[in-house]
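# structure for this input, please:
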Amino acid sequence: MRVAGLVTGVMALALTVTAAASEAAPPPTMTELEACLAKVPAFRYGESRAALADAERMLPQLATDAAQRAAIEKRLIALLVGEGTNDGKAFLCRQLSLVGSAEAVPALAGLLPDKEMSHHARFALERMPCPEALAALRDALGKTDGSLLVGVTNSLGERKDTAAVPALAKLAAGADEAVAEAAVAALGKIGGDEAVKAIAAVRAKASEKVRPAATDAWLLAADGLVAAGKKAEAAAIYKAVYHGEKHEHLRVAAFRGLLATGDQAAWDLIIKTLASDDPKMWGTAAAFAREIPGAQATQALAGQLAKLPAPAQVLLLGALAARGDAGALPAVLDAAKGKDEAVRVAALGAIGSIGDASCVALLAELAAKGQGAEQAAARKSLVMLRGKEVDPALIAAAAAGDAAVRLELIRALASRNTAAAVPSLLKAAEDADKAIRTEAMNALGVLADAKALPALVKLLVEAKADDKRANAEKAVVATCRRIEDKDAAASAVREGYMAAAPPVKASQLRILARIPSARALDTLRLGMMDADASVKDAAIRGLAEWPDPAPMPALIKIAHTAENPVHKVLALRGFIRLAALPSERPAEESVKLFADAMALAASPDDKKLVLAALANVNHKAALDLAMASLGDAAIEVEAATAAVQIAKNLRKTDRDMAKAALQKIVEACKNPAARQTAESALLVVDAALNIAPQGTATSPDGHDSDGGAGGDQAAIDGDPNTYWDEADGQKLYRLVVTFKQPEKIGAISILGYQHHQYAPRDFEILADDKVVKKVENAQYDDNFLVIALGELTAKAVELKITGYYGNSPAIRELGIYPPGGKLLKMETPKK
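Have a look, this model is predicted:
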């Protein structure tokens with residue numbers, strides 16, 4: 001398989017790297033470098049780069065020595081001015097960019113007018129820090145044109161060469177628009193007073209094409225002025241662009257730049273923009289309103305809120321919320337009482353970010369009696385409010401008053417995780433209003449801790465109404481889940497159990513069933529002997545749902561002795577579930593337990609539960625027990641499935657026994673599904689070596705290959721990493737395997753693309769154009785399907801597929817086996 005080969009290759013590579021790391025390579029020599037450089041002049045792209053790669057590796061190590069660095073530079077220059085390919089010279093330029101000095105400038109400068117080499121040379125000069133390199137680039141401004149001139153201009157901009165400003169200014173004002181754009185962009189990168197003046201002059205007279213580039217450069221230069229502390233000069237540029245430019249992205253950039261200057265005009269501009277008839281810029285202004293620092297800015301923005309159009313108010317309210325400055329609260333509260341619904345909703349949302357305890361009453365009232373988006377915003381803000389006085393205000397308000405308002409406050413306390421509210425909520429849990437009691441119990445289920453548990457249990461025990469007890473039960477369960485000391489929790493819950501009325505006992509037992517502890521289990525065992533049917537029922541259900549096998553003896557006793565048929569079934573099913581849990585119990589003992597359960601099982605459903613659990617017991621006695629159920633038609637499929645699973649697990653230790661059991665299933669079972677399961681397993685135990693790779697695969701259905709599928713041969717190449725697949729959603733797919741001569745065939749297997757996902761489901765198997773098997777609703781075993789064909793001879797085997805899992809019947813491997821031999825199950829590759 002390719003996966004195995006890949007793993008082997010990766011391991012070999014890892015060993016190689018490890019070995020190399022453990023034995024450091026000797027340092028390179030100048031002689032070795034020269035041998036590599038000698039091959040550079042003849043190099044062309046597409047050929048081996050081995051010599052160049054070696055040179056790239058050696059050069060930095062050797063160049064650390066000043067004398068060697070000079071020698072290397074000299075050799076590179078000689079090669080560059082000598083005969084050689086352009087590809088080789090491009091390589092030399094890159095190396096000179098690393099080790100070159102003023103000595104290399106003439107050779108590189110000579111290439112700047114060369115259409116093929118200019119860009120390689122200028123990139124090298126651009127990286128060299130010596131002034132001679134800049135001088136060469138400036139000199140090339142008068143010796144190049146077109147794209148070469150654009151390139152040189154760009155390099156001067158990247159180097160921020162102030163000496164080039166006059167020449168670049170002339171080019172920026174020239175007729176060649178491409179050069180003009182590059183030149184003005186370079187001026188923007190260089191920056192400084194002279195560049196700013198030059199850009200302004202160019203922009204004033206620029207064509208429609210060049211003007212945006214000039215504006216962008218002007219803004220970039222203004223950014224440089226801000227960095228240099230010249231904020232007033234920069235602000236003037238930003239204002240000019242914002243008010244005079246039609247391109248939105250440039251106006252946005254100018255807006256942002258003005259904010260960076262800290263100019264008072266930025267605040268005014270935000271307000272003016274929000275008040276303008278230019279809605280495209282409203283969002284930008286509101287976004288920038290979030291960024292202006294300081295309380296003074298908050299006051300300025302909030303002071304203008306009411307004067308803005310409603311849509312702009314919504315945006316500014318979002319900005320004020322994001323600023324988190326409580327100084328805006330009065331204006332926001334006014335907006336929350338306004339006429340426009342969208343504004344009110346935005347204001348209520350903002351209160352959650354900047355509000356305080358004084359806002360609780362307003363928010364609670366709207367949360368209770370508001371509608372739609374306003375109500376939702378008020379509820380959210382009640383939860384979001386911050387400040388040390390907020391929780392006390394919420395608790396106090398929730399203690400009395402309008403019931404609808406109190407409900408909202410109680411919900412908010414739970415959502416805020418306000419543990420301090422527990423004492424108040426315990427009182428509310430006894431309120432005369434049923435809705436208040438219910439919501440308080442819900443909140444206690446979220447907030448109560450071990451200290452509050454006894455009080456919660458007391459509420460449960462004293463509850464007279466069923467609904468009140470049920471709510472208390474939920475709250476106690478939720479609280480106990482959070483308590484780490486489960487024994488302590490169980491002790492608190494069982495308090496007063498012996499004297500409690502049956503409904504209370506049943507509640508306590510239901511809670512204890514969810515507290516995995518010895519004390520809880522003891523009480524459940526006690527409850528199963530209670531004279532009251534409801535108490536006994538709760539205890540048995542709790543034992544049946546227990547997380548470990550400890551209650552098994554009690555459950556099997558109930559299953560044997562209970563007079564109530566419901567209790568017998570509950571106990572038996574719980575016993576089966578617990579017996580199936582992982583344990584250190586010997587397999588023979590597990591079989592005895594399941595045999596006892598099978599004897600007690602009165603319904604097919606219960607017997608099926610036993611068989612499903614039995615299938616995981618790898619023991620001959622388990623196989624015998626499953627086989628003994630084959631005669632019961634109601635559970636034949638389940639019995640066969642369990643027996644097959646056990647036989648497959650036992651085949652490694654007792655192949656003959658497994659084979660005999662499977663053969664018996666095939667002979668005895670009337671259900672086709674049961675027989676198919678056994679036949680497939682029997683072939684896994686005793687089938688043939690795959691001969692499919694000896695054939696030639698074709699798909700004469702005219703469909704295109706799909707996705708990452710290989711060709712037809714991928715279905716039989718013996719590699720599960722490749723697969724056959726065709727276009728999705730077709731009515732008929734055909735896959736044919738043809739041998740050079742007729743072959744004896746006893747079975748086929750299919751490894752789908754994924755278990756019951758992209759795999760054949762309904763199909764006919766043809767041998768030399770004759771249907772020999774029809775499969776419907778094929779059931780794969782871990783994405784693997786084996787189909788017995790008896791014994792036949794054919795030159796061609798075909799699948800005619802009409803139904804499939806997923807969108808198409810992809811096949812990783814189609815196996816074809818002669819009778820006899822040994823079949824090796826293929827596996828889906830791990831992702």
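
# for Arg519, which non-adjacent residue is spatially closest?
Closest residue to Arg519 apart from its sequence neighbours, by CB to CB, 6 or more residues apart in numbering: Ala490 at 4.0 Å. The C-beta positions use only the backbone N, C-alpha and C, and glycine is treated the same way.

# wait, doesn't the one you found sit right on Pro516?
No - the criterion here is CB atoms under 8 Å, and Ala490 misses it with Pro516 at 9.1 Å.

# show me what contacts Glu248?
By CB atoms under 8 Å, 6 or more residues apart in numbering, the residues touching Glu248 are Lys280, Met281.

# and what of Asp781?
Neighbour list for Asp781: Thr677, Ser680, Ala681 [criterion: CB under 8 Å, 6+ apart].

# buried only: go through the residues you listed for me.
Among the contacts of Asp781, those that count as buried by neighbour count (16 or more other CB atoms under 10 Å) are Thr677, Ser680, Ala681.

# doesn't the last one lie inside a helix?
Yes - checked against DSSP: H, G, I helix; E, B strand; the rest coil, Ala681 lies within a helix.

# tell me who's in contact with it.
Val644, Ala647, Lys648, Leu662, Asp781, Val786.

# narrow the residues you listed to those in strands?
Applying DSSP state E to these, the entries found in strands are Val786.

# okay, how far is it across stretch 701-709, tip to tip?
End-to-end distance for stretch 701-709, by CA to CA, to the nearest Å: 16 Å.

# should've said stretch 558-572
With CA to CA as the measure, the first residue of stretch 558-572 is 8 Å from its last.

# who touches it?
Stretch 558-572 has contacts (CB under 8 Å, 6+ apart) with 528, 533, 536-537, 540-541, 543-544, 555-556, 575, 597, 600-603, 606.

# buried subset of these?
Using 16+ other CB under 10 Å as the burial test, the contacts of stretch 558-572 include 528, 536-537, 540-541, 543-544, 555-556, 575, 597, 600-601, 606 as buried.

# how would you label Arg550: helix, strand or coil?
Check again: residue 550 is Ala, not Arg. Here Ala550 is coil, with the state taken from three-state DSSP.

# that one against Asp522, yeah?
No - contact criterion CB under 8 Å: Ala550 and Asp522 do not qualify, at 10.4 Å.

# in strands, which of the contacts of stretch 558-572 appear?
Using DSSP E, none of those sit in strands.

# just the ones of these in helices?
Of the contacts of stretch 558-572, the ones assigned to helices by DSSP state H are 533, 536-537, 540-541, 543-544, 555-556, 575, 597, 600, 606.

# now for those residues: which two are most distant?
Using CB to CB, these span at most 23.8 Å, a distance reached by Ala533 and Ala597.

# from the contacts of Asp781, which single one is nearest Gln95?
Distance to Gln95 across these (CB to CB) is lowest for Ser680, with 66.1 Å.

# is it possible to get TSV of the ones in helices among the contacts of stretch 558-572 that adds pLDDT and distance to Lys458?
Listed next are these as TSV, based on pLDDT from 0 to 100; distance: CB to CB, whole Å:
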residue	pLDDT	distance to Lys458
Ala533	93	26
Lys536	95	25
Asp537	95	25
Ile540	96	27
Arg541	96	25
Leu543	97	26
Ala544	95	29
Leu555	95	32
Ile556	95	36
Phe575	96	35
Ala597	96	41
Leu600	95	41
Asp606	96	41
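
# model confidence at Lys830, what's the number?
Listed pLDDT for Lys830 reads 56.

# no wait, Ala397
Residue-level confidence at Ala397 comes out at 97, pLDDT.

# my guess is it meets Leu362, correct?
No - using CB under 8 Å, Ala397 is not in contact with Leu362; the gap is 11.2 Å.

# re the thing from before, and the least confident of the contacts of Ala681?
Model confidence across the contacts of Ala681 bottoms out at Asp781, which has 81.

# ok, that residue to Val610 distance?
As judged by CB to CB, to the nearest Å, Asp781 and Val610 stand 22 Å apart.

# try His120
Separation of His120 from Val610 (CB to CB) stands at 80 Å.

# out of those two, which sits in the busier spot?
Taking other CB atoms under 10 Å, His120 and Val610 do not tie; Val610 has more neighbours (31 against 22).

# so what's the more buried one up against?
The neighbourhood of Val610, defined by CB under 8 Å, 6+ apart, consists of Ile576, Phe594, Ala597, Met598, Ala601.

# dump the ones in helices among the contacts of stretch 558-572 to a markdown table, plus distance to Arg94.
Output for the ones in helices among the contacts of stretch 558-572, formatted as a markdown table (distance: CB to CB, whole Å):
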| residue | distance to Arg94 |
| --- | --- |
| Ala533 | 90 |
| Lys536 | 87 |
| Asp537 | 84 |
| Ile540 | 82 |
| Arg541 | 78 |
| Leu543 | 78 |
| Ala544 | 76 |
| Leu555 | 80 |
| Ile556 | 82 |
| Phe575 | 78 |
| Ala597 | 79 |
| Leu600 | 84 |
| Asp606 | 79 |
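
# done for today, thanks.
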